[in-house]
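Q: Make a model of this:
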Amino acid sequence: MRTALGEPDARAAVTFLGTDRVEVLRFSGEGAGEGIVRYATLGMSAQPMTDPTATLADPLKGPRAELVLSVRPGVADTDKVLRPLAVLAASPQVEGLVVAPGASLDVGEPLWPGAPFTSVLVAEPGGLVEDLDLDEPLDPVRFLPLLPMTPNEAAWKRVHGAAALQERWLTGGTDLRDPSRKSVSLD
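A: Below you'll find the model as predicted:
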């Protein structure tokens, strides 16, 4: 992450009962991109994600990921997203989820005070932070971008799918980094 985003300028750690420690790092320096603050989890990839229906969990094999959220600073108190991001990063250990592109993750409350978003869409990795290869037999760590969704967008996505919602955002010229944006037109 440091190679792609520079040095973090803030960090917070959260430990949930029965899980490994999860940190959330804030990158707002030159490496993060001009006018962008990036929040990235650290610790989610310590354990592979396993299918909750599997009879036996493999302690080595399985997908590994970290989450990355990018927003424009100064409009909202987005630093309060640290705990919700840690909750999302702990969900594979706590709930047995496999977090993958196209998935929706919901924290059940605003991502930060006054945020119009309670959930995120997991996007395709590879654009911002490259996969981190680990020694065999471990799967590489993928850095999954998170795209905040309003409740209406999340409901629409459940019916029409992630690709259709992303197409709506693209067609509507939606600034997905705007921490106070309104829902895209879903008519």
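Q: Can you show me the helices along this structure?
A: 2-5, 82-95, 151-160, 162-171 (DSSP state H).
Q: Just list what the second one packs against, helices and strands only.
A: Going back to what we said before, that points to helix 82-95. Applying 3 or more CB pairs under 8 Å, 6 or more residues apart in numbering; DSSP states H and E, we find helix 82-95 packed against strand 10-14, strand 22-27, strand 37-42, strand 64-71. For glycine as for every other residue, the C-beta is placed from the backbone atoms N, C-alpha and C.
Q: I'd like those strands as a markdown table, with mean neighbour count appended.
A: A markdown table is the format used below for those (neighbours: other CB atoms under 10 Å):
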| stretch | mean neighbour count |
| --- | --- |
| strand 10-14 | 14 |
| strand 22-27 | 23 |
| strand 37-42 | 24 |
| strand 64-71 | 23 |
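Q: Go through those strands and find the least confident stretch.
A: Mean pLDDT is lowest for strand 10-14 among the helices and strands packed on helix 82-95, at a mean of 85.
Q: Adjacent strands (with direction) for that one?
A: Sheet pairing here is set by DSSP bridges, and for strand 10-14 it gives strand 22-27 (antiparallel).
Q: ok, residues contacting the partner strand?
A: Identification of contacts with strand 22-27 by CB atoms under 8 Å, 6 or more residues apart in numbering yields 1, 5-16, 37-44, 79, 81-82, 85-86, 89-90.
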